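J.: fold the following for me, if possible:
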Amino acid sequence: MNRFSQSSRARERFLEAILQSAIEYAIIAVDLDGLVTTWNEGARRILGWDETEIIGQPVSVIFTEEDREVGVPQREMTAALTEGHGDDERWHVRKDGSLFWASGQMMALRSDDGELEGFLKILRDRTEQRENEERQRVLMHELSHRIKNTLAVVQAITNQSFRSASSMEEAEKSISARINAYANAHDILLQRNWLSATMDAVVGATSINLGVEPSRVKANGPAVDLAPQAALAFSLVLHELVTNATKYGALSVDTGSVEIEWSVRRNAGDDRFGLLWQERGGPAVEPPRKKGFGSRLVYSSLSAFGDVSLDYAATGLTIRLDASLEKLQAQKYPGSPK
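T.: A predicted model of the protein is given here:
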């Protein structure tokens, strides 16, 4: 064996070692008929076929049926010839039929004298990266949606607080208190990754944030999860009710108290959520001559979820809500105070 032959074989072994060690990449050579001639270890790991199974088979088997029907494999070869490479950013098929997102290129293989001998396809599994990018896109979209909703609520609170306030000082205090209640509701939701908040947590936070003695607000009800929009709406509603009760209602005197009760009534295909707000022991109640922002917020926010009734009985304000539990727990709901 001459020195040239030894050198040539050593070079072939060296290239073969590189080919088989590139396990993160599928490296596939095909002839002019599109049949597989080389299949490295990376291709086996990524695509599932053993070398003995795939050699001599059309490389098109790794493409989806839809891509085969529109001639994607042939287009990649044409691009490799005319443009130097054919880019590959699409779904591919494994031996078991599962799909993965591939990123790579196809290039022409030529002999030393420039004659076309086939094509070399190199690709990498980028499924995880694509899924991460998709999750990031969804999260950014959701974040944008939440920010817009939050700004809309803050704008409504600000505009309506100015309209109903008798002075700038009163407007400033109202706006600050309402936005603080809204922010506290966000904090509750963040504790559960913005998936839900319990009714009990929303009620408890309202009393604590407004400095009401726990003994004067009696809350009772089963464990109920509220979707973010419902939790935010209830937080604002309870803030308005407790604030109003502290200024004018049952909590404005030492003998008064508030009862908040909620329940779930199971109905076939339409479980119902019931909420009762009952003030007792306060000053005699008179129906308001006109509805302020607080009254409108309470009614519009609750009525977005179900039927609301307000009773301005002399013995104390009573509010009842009969709502669809499914609507309260829906992850997307377009409600916001007007």
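
J.: for residue 292, see how far away residue 170 is.
T.: The gap separating residue 170 from residue 292 is 11 Å, by Cβ to Cβ, to the nearest Å. The way it works is simple: take the backbone N, C-alpha and C, and place the C-beta from them, glycine included.

J.: overlap in contacts of the two?
T.: Counting by Cβ atoms under 8 Å, 6 or more residues apart in numbering, no residue touches both residue 170 and residue 292.

J.: which residues in the stretch 101-250 of the chain form helices?
T.: For the stretch 101-250 of the chain, the helices defined by DSSP state H, counting those that start in this stretch occupy 127-164, 168-190, 199-209, 228-247.

J.: what's the least confident stretch among those helices?
T.: Lowest mean pLDDT within the helices of the stretch 101-250 of the chain: helix 127-164, a mean of 79.

J.: show me what that helix packs onto, helices and strands only.
T.: Applying 3 or more Cβ pairs under 8 Å, 6 or more residues apart in numbering; DSSP states H and E, we find helix 127-164 packed against strand 99-110, helix 168-190, helix 228-247, helix 293-303.

J.: pull out the buried positions in the longest one.
T.: Going back to what we said before, that points to helix 168-190. Within helix 168-190, the residues scored as buried using 16 or more other Cβ atoms under 10 Å are 171, 174-175, 177-179, 181-182, 184-186, 188-189.

J.: return the most buried member of the helices of the stretch 101-250 of the chain.
T.: helix 228-247 (a mean of 23; mean count of other Cβ atoms under 10 Å).

J.: so it versus helix 168-190, what angle?
T.: Taking axes from the mean of the first three to the mean of the last three Cα atoms, to 10 degrees, one finds helix 228-247 and helix 168-190 inclined to each other by 140 degrees.

J.: tell me the first helix or strand C-terminal of helix 228-247.
T.: Toward the C-terminus, helix 228-247 is succeeded by strand 257-265 as the next helix or strand (DSSP states H and E).

J.: alpha carbons of that following strand, as PDB, please.
T.: These are the backbone C-alpha positions of strand 257-265, laid out as PDB (Å, rounded to 0.1, in the frame of the first residue of the first chain):
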ATOM      1  CA  SER A 257     -71.700  44.600  61.600                       C
ATOM      2  CA  VAL A 258     -71.600  43.200  58.200                       C
ATOM      3  CA  GLU A 259     -72.300  39.600  57.200                       C
ATOM      4  CA  ILE A 260     -70.800  38.200  53.900                       C
ATOM      5  CA  GLU A 261     -72.000  34.800  53.000                       C
ATOM      6  CA  TRP A 262     -71.500  32.800  49.800                       C
ATOM      7  CA  SER A 263     -72.600  29.400  48.700                       C
ATOM      8  CA  VAL A 264     -72.500  27.000  45.700                       C
ATOM      9  CA  ARG A 265     -75.600  25.400  44.500                       C
END
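
J.: that older thread, quick one: closest of the helices of the stretch 101-250 of the chain to residue 222.
T.: helix 199-209 (8.5 Å; Cβ to Cβ).

J.: packing partners of that closest one?
T.: Packing partners of helix 199-209 (3+ Cβ pairs under 8 Å, 6+ apart): helix 168-190, strand 217-220, strand 225-226, helix 228-247.

J.: turn those into a markdown table, columns for distance to residue 309.
T.: As requested, the helices and strands packed on helix 199-209 are exported to a markdown table (distance: least, Cβ to Cβ, whole Å):
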| stretch | distance to residue 309 |
| --- | --- |
| helix 168-190 | 24 |
| strand 217-220 | 20 |
| strand 225-226 | 21 |
| helix 228-247 | 14 |
